[in-house]
Every structure is written in structure tokens, then in C-alpha cells.
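Chemist: sequence below, structure please.
(chains A, B and C)
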Amino acid sequence: MPEISLAAIAELVGGEVKGKGERKILGAASFENAAESDITYAGNAAFLKQIHETRAGAVIVPRNWSAPADSEKYDYVLVDNPQLAFLKVLEIFCPSAKPECGISPNACIGKNPQFGKDIFIAHFAVIGNNVRIGDRVRIHANTVIGDNVVIGDDVLIDPNVTIFERCLIGSRVIIHAGAVIGSDGFGFVPDGEAYRKIPHVGIVQIDDDVEIGANVTVDRATFGKTHICRGVKTDNLVHIAHNVTVGENSILVAQVGISGSVTIGKHAVLAGQAGIAGHLSIGDNVTVGPQAGVVKSIADGEVISGSPGIPHKLWLRVQRIIPMLPEMKKKLAELEKKIAELTKTAE
Amino acid sequence: MPEISLAAIAELVGGEVKGKGERKILGAASFENAAESDITYAGNAAFLKQIHETRAGAVIVPRNWSAPADSEKYDYVLVDNPQLAFLKVLEIFCPSAKPECGISPNACIGKNPQFGKDIFIAHFAVIGNNVRIGDRVRIHANTVIGDNVVIGDDVLIDPNVTIFERCLIGSRVIIHAGAVIGSDGFGFVPDGEAYRKIPHVGIVQIDDDVEIGANVTVDRATFGKTHICRGVKTDNLVHIAHNVTVGENSILVAQVGISGSVTIGKHAVLAGQAGIAGHLSIGDNVTVGPQAGVVKSIADGEVISGSPGIPHKLWLRVQRIIPMLPEMKKKLAELEKKIAELTKTAE
Amino acid sequence: MPEISLAAIAELVGGEVKGKGERKILGAASFENAAESDITYAGNAAFLKQIHETRAGAVIVPRNWSAPADSEKYDYVLVDNPQLAFLKVLEIFCPSAKPECGISPNACIGKNPQFGKDIFIAHFAVIGNNVRIGDRVRIHANTVIGDNVVIGDDVLIDPNVTIFERCLIGSRVIIHAGAVIGSDGFGFVPDGEAYRKIPHVGIVQIDDDVEIGANVTVDRATFGKTHICRGVKTDNLVHIAHNVTVGENSILVAQVGISGSVTIGKHAVLAGQAGIAGHLSIGDNVTVGPQAGVVKSIADGEVISGSPGIPHKLWLRVQRIIPMLPEMKKKLAELEKKIAELTKTAE
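Modeler: Numbering: from 1, shown residues only, chains lettered A, B, ... in the order given. Down below sits the predicted model:
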């Protein structure tokens, strides 16, 4: 366990110490769990208001925050973005386990491997023929990599993953356990009573800095590629169909389903269990609400909620009214009666 | 195949024979599939009404049931809870296959194993360093267990499961095939255009008597633990995010998704495909309907349906009205017209 | 890469050449990606209208299509069903990779194997005791097959699949990576505070020509069988519970969930993320919309949408009105006010 002064931490994160810079910090912990020797952070108004409740000795806070009267209880580091600063501190105290190295004698490696330096291939991993792997790649136990797959540098592939032939994986990609990359797309042509399978001769291309969640499925393209662009993060149990493009730095939360040939722009956020119908185009910076069902293309920057999806503000107004429907129906009946009476009177 | 008298079965389940206690029973089967030599059960009014339709020779029935006139066709065992009694009978006729024993020479075992007695580790299982395993644990083929995992007694882990480092598994736990326990939570901090990964240094703790379904994902905590308490049962393809607590004996039906930092009480039931938004608190004995989308915390004992979720009784009333909306809209237009006429007349 | 004349292609697909039958075709590609030496197809009005945009040298078109003025730019093959014809052409240019053969010395085979000819069993596959496998079956890496499983001819099982004991798999079945076939059904009986597990002694039976998607789960029956009938296709991450029957040639799109003891007829289509409640009967040729929640049995040929599901035409009318609810509520309040005034006037 390293020991480091608060002043050194402040320097590391580009912050300013308020209090004792010579304080020794032994660890980083959450607001609730921190001990006297730890540093923690208070990133928003809620935590700042209850700052006297943490037992941490030092707290990372926003630069523009005015400390309360009893603030001398703690030492502070003032920064622009406390959460980001805390992440950097975490890397000091919780460094990634030094990755294992070498190729297990229990792995099976195909013909003509082209492997970089300092790679790790675990027990019972199966690597196909002509696979190209960059430097410092870690492939964990019981993972299967098909023929002609290309993998960049610093990639982490967890256990029990399957990556099918010819798929392309960029650098600094993380693929969590149980994910399936490059399975056949779901495409069939009716042939009388039965269905005839459409061959899927395309690939999946995953660009740099992508993270794919546990037990996610990404189907290969019919032709061409299913394309997960740079910086995309998917949560667990997400389904991405054939020929989909997910634009840079977009976020797919758990159990989202994307139908075939959908194009998603940059910086989109699809909340949990949302679904997108086939062949739609979802713009940049779009937000799709949880469990939303998108059946029309969405322009840049729009926020869509509900199933079927409608603009979020309209959806909010509608949702306020839905629980009043029994009352509205009753009122409608009352008005009808009154009008009938009025009509009678008027006659 | 054992052969056992009806009287012996009645004694085993704490019931009372009505009919021939000396009848020999050769098997246990469902109401529809049973043969003359089998015993079955009729657990509710529907089955009791059609009791003459089963071909079973003996039927387990509720103690307070008054047999119809032609009841002499069967022999009965009268009990308080027919289904529970039938489960005990099943254990006589369909005993769990005697579990295999021993450690496959094809498994890979890490350093410093601490293993109990009568354990089974199958082919191509990979066990990390410092793993502690209790008595009579069965770890099936191609399952991967990380470093420093602790597993109790009488645990069954099916094939192709991944359990990551430091997770804690209680006793009598069942983890079905393809499940992933302890993958990283889905947490990122925006850093300009891109996202920076939040390290997940916490664990998953699964208490005694839990059952985890096939291809389920349970993410590890950022700090602390994701906690699946005693007796929880999850169906298949359920997603449980980082820092969630699921209280004792709660039930998560297939494809349910629980967002980060949610707390669920005891004896809750979440029906299939329901989703819970982040940081909410779900009380004891709560029921969440199928496909419901929960966006607010729920007090003990409430029943919530719909997306977004509302109280079930209100939801039922609303759902009766929704299909009448076209009619209501038409009526509203008619009333508007009539009022316009009345107003004209009045002027 | 084969080279084949357009006339030969026309003969193969039962079509008619319009243009140069002697044109040499070197490949098949999609409308957008095709080059001068490729053949592609235009299967519907949209593609036919923009036919001058493809760079393919030859196009498969409907027999009854009247080519535009500049049509001499391309050569055509006229057929009844262009998509089906194109699939046949694809098989010439993208033949399935010649399957590998033989049993890896790194696979583990149980006692008493009964294997057909020309089978392939990959590295680290685990085959139980008494397993029967037909001809030309391919079982990929790290897949686990339980005791007494029976598999027909020409079956493809991808990596990291688990098939539990006694399940029956027909011929020409494809099971994609990570799928779990025959896990225990989700059945428990309350026993005081806790739940007691119902043993699942039934099986899963998958008939000929079925395709099961990646990371799908199919639970075994309590008694009897969970039955996936001939020609059924399931997309990825689908859940099929215990004792379900899915009728011939039905289609289950990604993330669909089917509860226990549901019966689905022939040629049904369940769109993505739809859910079916337990013990229901879904008729032949039924269509269930995306994200629909089916809570009542459905007669043959019906189309159901929404959650809870209602007839599709009614659902369309309702969905047109839902966004007008704020306006309707406002109008209702106006009418109420006007009526109050009229009533006052009338008094």
C-alpha cells in the first residue's frame, strides 16, 4: 500500500490544498466507507451538504465550493471536477493487478500466429489460424477466437467470450465475460412454409476504446460490417443486430436491443431495456429513455421516451394525464348528462 | 426404481391415506402424464374438479377436500399442502443423480487451494489462486473461478460460468450455466468527448440458498459489495448492476433488469422483463408487474404495474379505459359541437 | 474465386437473361457495395426505382418489372423471387467454409460414444456419457454436452454452448455461441419464509431445421418436454421457460421472453422484446408486436400490440390519441366551464 502526502495528490490532479498538505493519505474510499487515513470526494451538492458525515481525513471538493464553518475538521483538495480527480487518485491506491504474462501451455493456438509482446493467453483459450494480436493483450480462460481475427494493443478479453472469424478489434478494447462477437445475423427468406437462412459473410468491427458488457451479443453483417465505433460503451445483455453502426462515444445501457441495419450517431445514450426497430437512423446526442420503443428515425439532439417513442416533453405531459383517465372518463359522462339536460331545457 | 406403499408415502409426507394404504406406487408423475402405477397431486380447485381425468392410481389432495361420488376409483393421501408433499415424494422417485466426485486431471487449479471433502471439479474448469471451496461442491466443465473466491458447502456451479476474483458464494447456492458473477459495473465519467472508466474494486456476495439463472449477469460493486441475500432466486437472463442489494427470499423473474445502487427488500417479486431505475429503494413484500418500469422508490407491500409504474389497482382501471380512448375522443367532439349549438341558441 | 457466366446463373435460379448472357460474374454483393464484376439484386420497388445507383454489372430483378429507358447499362436476370434467387447465387460465391473434421485430442469424450461419420469436435469440448451424434455434426470449442444427449445429422453447435443431459436435438439444427439448452425451469414452492426448489426431470426437445440464437436460454420441462418444433428460428438473448411449446416455423426475435407452459402455434412471429405470460395459448400465424406484453391467449391469425397487448388495429387508433391527451384534458376543462355558464344562464 503506498503512502502519499495530500500535497502530492493535489499536484497529481491539478488541484489546490486547503489545510495540511503534509497529511499522509493511505487509501481512497467512498464517502460512506472512508476511514481517517483515506481520501474521498464530494462531487455534488448533496454530498457537500452532508460533508461532516464522512470519516475520511481528506476530501476532494469543487474549486468554487465555500466550506462551512466547521470545515477545519477536514483537509481539502479543490479541483474543477472532483469525480475525475478521484478516479486519478484511485489509480494510485487501486492499481490494476499486474497482468499475468505468457501463453498457457493449456491454450490451443492455431497456425501462423502473429502475436505482439507481453501478451497473456490463459488456460483453455482457443485461438484460430492467422490471428493477429497486438502488445499487452490479455485473453482469459476458455475464450474462443476464430480464424483471421485481428486484435489491437492493450485489449482485455474476459473468460468464456466467443469472437468469430475475421472480426476486427481495436486497441484498448474491453470485452466482458460471456460476450459473443460476430454470430450470424438473424436473416431468413420465406421459402414456402419454411425459412431459408441468409448467409452472413460480413464481419464485426470494434474500434479503439470500446467496452462490451457481459453476455452481450453483436451479430456480424450480411455483407460489409456491423460497426461499433470508437469509445462506445455497452452494458450487459445488450443485443446489437447485423449491419448496425453505433457512433463514437455512444452509451447502450443494459438489455438494450438494436435491430438490423440501424445507424446510431455519436454521443447517443440509450437507457436500459430500450429497443430500436430495424433500418432506423438515430442522430448524434440523442437520448432514448428506459424501456422506450423507437419506431421512427430520430434527429440530432432529440430526447425520446415511451413505447412507441414520442418526444420526451410531450411524454412527460401525457404520463401526468394517464393516471387521471378514470376521472376524465367519469367527467365526460357527467358532462354528457348535463348537456342532455340542457338540450331538453332548451327545446 | 423403488417400489413403495401408499401408507409409507403418507407417513413420509405427514398425510393420511383414504383408500388402500397397501397400494404399491412405482413412480411420481404429472396429473396429465401419470399412469396407473404412479402417484400425482391435485393442488387447486381446477385439478380437483377434473380429478377423474388423471390416470394415476393415487392422488395427493388437500385435507379439507370432500371427494366426489366416484372417488373410490382412486386412493388418496390427504395433506395440508399437496404441492409441497408431492415435492417430497419426487425426491424418492427422481433422486438427484449421485454427483460425480474428484478433480479432473484436465482442470487447472491455481496456487494454494483450500478444498473441502467430496468436491467435484470437471474438465477444463479453471480455478484461480487462493480459492476456498467447501464440502460437496460441484464445479462443472469450462467454468472459470477467479483468484481469492470463497465458496461454501453443497454449491452447484454449472458449465461455462465465470466468477471473478474475491467474490463470496454461500452454501447450497446454485449458479446455472453461462452466468457471469462479478463483472465490472457500468460506470464512466465524461472526460471531454470520451468516457473514463471507473474502476470497480468491490465484490459480489451471494448468500446461502440463492439460485442464479442461466446467462444472468451480476456486476461487482464500485466499492463495497453487490449483495444477493439468502434465499433469493433469479430466473434466466436477469441483469443485476453494481452495488445492488436484493433482500432475502426475493424473486427476480426472467429478463428483469436492476440498475446500479438499487436496494430491494425481502420477499419482493419482480415479474418478467421489469426494470428498476438507479438508486431506488424497493420495500419488503413489493410486487412489480411484468414489463413494469419502476422510476420511484416503492414502500413495503405495494403492488406496482406499468411503465412508468403506478399502483396496480389504478393501473387496472387505467388499462380498462385505454382501449376506449378513440370512443372518448369522438364523444368529446360531439359534446363540443352540441355545446356550440346550445351556446348559439342561448345567445 | 469462381467465374461464371450470367447465362449459367440464370439457369441455376430458373430465371431469364435480359442483356448479355455471356457476361462473366466474379462475385455477389449488396446493392450498395457491388462492383462492375459483381451481381446483385433489387427485390422491391425502392431498390428498383434507384437501380441506376448500383455499380453492379448485373442485377436480379422481378420478372414483371419493366426496365427504365437507360436500362441497357446493366444486364438483368428476371426471376419470380429476386431475394431467394440471390441466396442461391450467394452459395456459389460464398460457399460455407469446408468444415473441419475429426475429434480434437484436447476434447473430453465420455463413455460409450455413438458417433456418426465426418464429425468435428473442437478443442476443450466436453461430451458426456452415452451421447449419440449423427453424421457431419460440428461441435465447436469449449462447448459442453451432457450425458445421454442425442443429436441428429448436419448439426452445428458453436463455441461455449451448454446442452444438459438427455436433451434431444434434431438434424440440421444450428445452436449459436453461449446458448444454454436444458437448464432447470424456474419453479419453487413457498415453504414458510423460504422457497423449495421443484426438481426438473423433463427435457428440451429441439426438432429439425431449428436455429437457436447466441446466449439464448431454453429451460427443461418439470415433467415431459420443452418443445421447439421444426423450423423455428430464435434470435439472440431469447428466454424460453419450462414446458413451453413453440410450433413449426415460428419466429422469436431478439430478447423475447416466453413464460412457463405457454403453447405457441405454427408460423407465429414474436417481435423483439415481447413477453408472453405463463400458461397462455398463442395461435397459428399470430403476430405479436415489439415490446408487447401478452396476458391473454391469442386466437389464430390475430395481430397483438402494446403492453398489455390489445388487437393491433385498436392499438394503432389508441396510439394516435395518446399524444393528444393533454389537449383532450384541456378541452374537457373548457367544456366543463362552458356548461357551467350555460347552466347558469338557463337557470
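Chemist: mind listing the helices for the stretch 201-347 of chain A?
Modeler: Using DSSP state H, counting those that start in this stretch, the helices of the stretch 201-347 of chain A run over A:312-321, A:325-346.
Chemist: of all those, which lies closest to C:Phe164?
Modeler: Taking Cβ to Cβ, helix A:312-321 is the member of those nearest to C:Phe164, at 43.7 Å. C-beta: built from backbone N, CA, C; applies to glycine.
Chemist: now for the closest one, which elements pack on it?
Modeler: Under the contact criterion of 3 or more Cβ pairs under 8 Å, 6 or more residues apart in numbering or on different chains; DSSP states H and E, helix A:312-321 touches strand A:303-305, helix C:325-346.
Chemist: right, so of the ones you listed, which gets closest to C:Ala194?
Modeler: Among the helices and strands packed on helix A:312-321, if distance is taken as Cβ to Cβ, the winner is strand A:303-305, at 39.1 Å.
Chemist: okay, now the sheet partners of that closest one, with direction.
Modeler: strand A:287-288 (parallel), strand A:310-311 (antiparallel) (DSSP bridges).
Chemist: using TSV, please lay out these together with mean pLDDT and mean neighbour count.
Modeler: Output for the strands paired with strand A:303-305, formatted as TSV (pLDDT from 0 to 100; neighbours: other Cβ atoms under 10 Å in any protein chain shown):
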stretch	mean pLDDT	mean neighbour count
strand A:287-288	98	23
strand A:310-311	97	16
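Chemist: any idea which of these gets closest to A:Val246?
Modeler: strand A:287-288 (12.6 Å).
Chemist: by mean pLDDT, show me the worst of the helices of the stretch 201-347 of chain A.
Modeler: Here the helices of the stretch 201-347 of chain A differ in mean pLDDT, and the lowest is helix A:325-346 at a mean of 91.
Chemist: compile the helices and strands packed on helix A:312-321 into a markdown table and extend it with columns for distance to B:Ala107 and mean neighbour count.
Modeler: Formatted as a markdown table, these follow (distance: least, Cβ to Cβ, whole Å; neighbours: other Cβ atoms under 10 Å in any protein chain shown):
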| stretch | distance to B:Ala107 | mean neighbour count |
| --- | --- | --- |
| strand A:303-305 | 49 | 22 |
| helix C:325-346 | 61 | 15 |
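Chemist: nearest to C:Cys229, out of the ones you listed?
Modeler: Closest approach to C:Cys229 among the helices and strands packed on helix A:312-321 is made by strand A:303-305 (37.7 Å; Cβ to Cβ).
Chemist: contacts for the helix or strand hosting A:Ala10 next, please.
Modeler: Taking DSSP states H and E as the definition, A:Ala10 sits inside helix A:6-12. Outside helix A:6-12, the residues within contact range by Cβ atoms under 8 Å, 6 or more residues apart in numbering or on different chains are A:15-17, A:19-25, A:39, A:58, A:75, A:77, A:88-89, A:92.
Chemist: filter these down to the buried ones, PyMOL style.
Modeler: Selection of buried members from those for PyMOL, criterion 16 or more other Cβ atoms under 10 Å in any protein chain shown:
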select buried, chain A and resi 15+17+19+21+23+25+39+58+75+77+88+89+92
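Chemist: in TSV, list the helices and strands packed on helix A:312-321 along with distance to A:Ile203.
Modeler: Converted to TSV, those look like this (distance: least, Cβ to Cβ, whole Å):
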stretch	distance to A:Ile203
strand A:303-305	30
helix C:325-346	46
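Chemist: out of these, which comes closest to C:Thr143?
Modeler: Per Cβ to Cβ, nearest to C:Thr143 of those: strand A:303-305, 40.2 Å.
Chemist: centre of the chain to the closest one, how far?
Modeler: Taking the mean of its C-alpha atoms, strand A:303-305 sits 19 Å from the chain's own mean (Cα atoms, centre = their mean, to the nearest Å).
Chemist: now stretch A:243-254
Modeler: 9 Å.
Chemist: can it be found next to chain C?
Modeler: No. Counting by Cβ under 8 Å from any Cβ of the partner chain, no contacts exist between stretch A:243-254 and chain C, the nearest distance being 9.2 Å.
Chemist: put the alpha carbons of that stretch into CSV.
Modeler: Coordinates of each C-alpha in stretch A:243-254 appear next as CSV, following Å, rounded to 0.1, in the frame of the first residue of the first chain:
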residue,chain,number,x,y,z
ASN,A,243,-25.2,-4.3,-40.1
VAL,A,244,-25.8,-1.9,-37.2
THR,A,245,-23.5,1.1,-36.8
VAL,A,246,-23.1,2.6,-33.3
GLY,A,247,-21.4,6.0,-33.5
GLU,A,248,-18.5,7.3,-31.4
ASN,A,249,-18.8,7.5,-27.6
SER,A,250,-22.4,6.4,-27.6
ILE,A,251,-23.7,4.5,-24.5
LEU,A,252,-26.0,1.4,-24.6
VAL,A,253,-27.4,0.6,-21.1
ALA,A,254,-28.2,-3.0,-20.0
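Chemist: any part of that stretch near chain B?
Modeler: Yes. Against chain B, stretch A:243-254 shows contacts by Cβ under 8 Å from any Cβ at A:Glu248, A:Asn249, A:Ile251, A:Val253, A:Ala254.
Chemist: what pLDDT does the fourth one get?
Modeler: The pLDDT attached to A:Val253 in the predicted structure is 98.
Chemist: now what about stretch A:23-39, what contacts it?
Modeler: A:1, A:3-6, A:9, A:40-42, A:47, A:53-60, A:75, A:77, A:86, A:89-90, A:92-94, B:222-224.
Chemist: low-confidence regions, the stretch 101-250 of chain A specifically.
Modeler: Applying pLDDT under 70 to the stretch 101-250 of chain A flags no residue at all.
Chemist: so which residues on it come close to chain C?
Modeler: So far as Cβ under 8 Å from any Cβ goes, the stretch 101-250 of chain A lies against chain C at A:108, A:124, A:126, A:142, A:144, A:160-162, A:164-165, A:178, A:180, A:183-184, A:186, A:188-189, A:191, A:193-199, A:201, A:215, A:217, A:219, A:222-224, A:237, A:239, A:241.
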